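# Give me a 3D structure for the following:
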Amino acid sequence: MDQLDADEVPLFSRKYNKHMAADIVQFVPFREFMHNPMLLAKETLTEVPNQLLSFFRSKNIQPNPATEAQRQILQQQLSKANSMGNNNANPHNVPQDEFFERKKEEFLQQLQNQGIDFFAAKDYIENKGVYSFNANVLKQNLNNPTYVNPLRMQR
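Numbers count the residues shown, from 1 in each chain. All right, here's what the predicted structure looks like:
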């Protein structure tokens, strides 16, 4: 895996008889990050921004300049998506995105169909949040008072 990742030594193509400009693999040992999905995602995607910039540079693609209004909209969207059902993460009472509200309701219905108390699940999602629409994640942590959602950890 480390050879394919090619962080230290660039890949060499025998077919083209040259070193490749970039690898498309990012090896992250899952066992080291399996209990922290936020860090797993961060480590997995760490090379993407530089690869994207390199590609744009190689094709001479220039970004469109962002306006202040676009930056503010993006910041609001990122704040909303920070954590599902997190009223504390929404200090300015910005209305929740309809997509996430609909997904939350569908997830709550799925949980109720599996025999999980609707109100207990709803309280859990609104107070602790979930990092995945996965019933097993919620079931494992629903009755665990010490559980801390890794996506809500202070940065």
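# When you work out contacts or count neighbours from here on, use the C-alpha atoms and nothing else.
Fine.
# what's in contact with the longest helix belonging to the chain?
Determined from DSSP state H, the single longest helix within the chain is helix 98-113. Helix 98-113 has contacts (CA atoms under 8 Å, 6 or more residues apart in numbering) with Met84, Asp117, Phe118, Ala121, Lys122, Phe133, Ala135.
# So of those residues, which two are at opposite extremes in space?
Met84 and Asp117 (18.9 Å; CA to CA).
# Quick check: buried residues in whichever strand or helix holds Val137?
Using DSSP states H and E, Val137 falls within helix 135-141. Using 16 or more other CA atoms under 10 Å as the test for burial, helix 135-141 gives Ala135, Leu138, Asn141.
# Take those and write them to CSV, including pLDDT and distance to Asn50.
Below are the buried residues of helix 135-141 laid out as CSV (pLDDT from 0 to 100; distance: CA to CA, whole Å):
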residue, pLDDT, distance to Asn50
Ala135, 85, 35
Leu138, 82, 35
Asn141, 81, 36
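# Which member of these is positioned nearest Lys59?
Ala135 (43.9 Å).
# Provide the count of other residues in contact range of the nearest residue in space to that closest one that is not next to it in sequence.
Spatial nearest neighbour of Ala135, chain neighbours left out: Leu111 (6.4 Å); criterion: CA to CA, 6 or more residues apart in numbering. Applying other CA atoms under 10 Å, we find 21 residues neighbouring Leu111.
# Okay, strands next: where are they in the chain?
Using DSSP state E, the strands of the chain run over 12-13, 18-19.
# Need phi/psi at the residue of the chain most remote from its centre.
Within the chain, the residue lying farthest from the chain centre (CA atoms, centre = their mean) is Asn17, at 37.8 Å. Here the main-chain torsion angles of Asn17 (degrees, to the nearest 10) amount to phi 50, psi 50.
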